[in-house]
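Peer 1: Pasting the sequence and the predicted model now:
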Amino acid sequence: MNRIDLRSDSLTLPDADMRAAMAAAELGDDVYGEDPTVKRLEARSAELLGQEAALFVPSGTMANLIAHLIHTRPGQTLLLSESSHSLLYEGGNLAAFAGLLSRPIPDTHGKIAAAMAARFVMQIDDPHFSHTTLLTIENTTNRGGGTYYTLEEAQQLAGLCHERGMKIHCDGARLFNGLVAAGCSPAEFGALFDSIYYSLSKGLGCPAGAVLAGSAAFIHQARRYRKMLGGGLRQVGVLAAAGLYALDNGYIEALAEDHRRAATFREALEAEGFVFPQPFPTNIAYLRIDNPMAALQALAAEGVLTLPHDPMHLRVMFHRDITDEGLQRAIETFKRLLKPA
Ligand SMILES: Cc1ncc(COP(=O)(O)O)c(C=O)c1O
């Protein structure tokens, strides 16, 4: 039986054409700056995101860490949403390696409002207080159910940060999901930030990697930090080729299909009395359920894989490896096994 794996969009596998592009990639040693395919992906990504330069990094976690290390000094305060990935799921790296005081901001479905962030900025010239120097937002939000920032909301946040002499970073693990749903130009959105990255290995279907973008001076420093963190890779054009293939072949635009399937899933299950407590405008849904572990096991026995979220919710995520047929089987399996009384 084919599995329908709704645990995460990070589970997408490179398809045959992407693998062929990887096999054919022109390679060199990227630590020596000699991998032409990596250079092409970096130049392409910088232009796409309205930034001067970009850098291939092994993971989103490393992209976030590099940005936080560059934009701050130990002992300073970072503002980020209370449900953000950087705060909750990156192993405490901001405390361990960047020496930051992370100040969680109350959010609405993962999103921070500029007025709320403004209340947490502390820059008093008094030795009692840590200075707030950076705000990080997530687009789309993971625990917020895939909600996204509009251009105007991001402009307000960037405006606040720059007025206060702070930097702003965007964790774009699912950046293009948000931009596609908002109908927003990547260059206009990206240019608002001091640094921004997107993941190759989530909805875009590549096996690994992320691309971090910013000013030329920022990326120059980022290259040094990437090396310090052990992220300088050699013939990594083999991975960059997958990214270029995704960009060149409509994989960004195809994210709208994942959103359509997620919406169909929601409508079909809501009609049967299932409850989704958050809006889910892109590809991530949290389903309220009495006993998530029992539900997860029952679904898994029928080949439908989901992720436990908390004692009341299961997470499902749509991605390019879920077909319309898989969607229908998932809907039917949820209804049959878990229909609310
Ligand atoms: C919002 C968000 N940021 C960062 C990451 C980390 O990305 P990576 O797994 O590439 O380190 C993830 C991973 O799921 C994520 O969802």
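Peer 2: Looks like it arrived, so ask away. These numbers come from a predicted model, not from an experiment.

Peer 1: So in this structure, where's the weakest helix or strand by average pLDDT?
Peer 2: One helix or strand of the chain scores below all others by mean pLDDT, DSSP states H and E: strand 307-310, with a mean of 92.

Peer 1: So which elements touch that one?
Peer 2: helix 292-301, strand 313-317 (3 or more CB pairs under 8 Å, 6 or more residues apart in numbering; DSSP states H and E). Bear in mind the C-beta positions are built from the backbone N, C-alpha and C, glycine included.

Peer 1: mind listing what's buried in the first one?
Peer 2: What it means is helix 292-301. 292, 295-296, 298-299 (16 or more other CB atoms under 10 Å).

Peer 1: And stretch 296-306, end to end?
Peer 2: 6 Å (CA to CA, to the nearest Å).

Peer 1: Identify the residues contacting that stretch?
Peer 2: If you take CB atoms under 8 Å, 6 or more residues apart in numbering as the criterion, stretch 296-306 is touched by 1-7, 295, 307-308, 314-316, 329-330, 333-334, 337-338.

Peer 1: buried subset of these?
Peer 2: For these, a neighbour count by 16+ other CB under 10 Å gives the buried set as 4-7, 295, 314-316, 329-330, 333-334, 338.

Peer 1: Export those residues as TSV, with columns for distance to residue 146 and pLDDT.
Peer 2: Formatted as TSV, those follow (distance: CB to CB, whole Å; pLDDT from 0 to 100):
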residue	distance to residue 146	pLDDT
4	19	98
5	17	98
6	13	98
7	15	98
295	20	96
314	15	96
315	10	96
316	11	97
329	22	98
330	17	98
333	22	98
334	18	98
338	21	95
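
Peer 1: Next, work out how far apart the nearest residue to residue 194 once chain neighbours are set aside and the ligand are.
Peer 2: Distance criterion CB to CB, 6 or more residues apart in numbering; nearest residue to residue 194, sequence neighbours excluded, is residue 167 at 4.1 Å. Note on residue 167: its distance to the ligand, by CB to the nearest ligand atom, to the nearest Å, is 18 Å.

Peer 1: burial of residue 167, as a residue count?
Peer 2: Here the count is done by other CB atoms under 10 Å, and residue 167 has 22 residues near it.

Peer 1: what's the closest residue in space to residue 88 that isn't next to it in sequence in contact with, if anything?
Peer 2: In space, not counting the residues next to it along the chain, residue 88 is nearest to residue 143; the distance is 7.3 Å by CB to CB, 6+ apart. The contact partners of residue 143, by CB under 8 Å, 6+ apart, come to 83-85, 88, 110.
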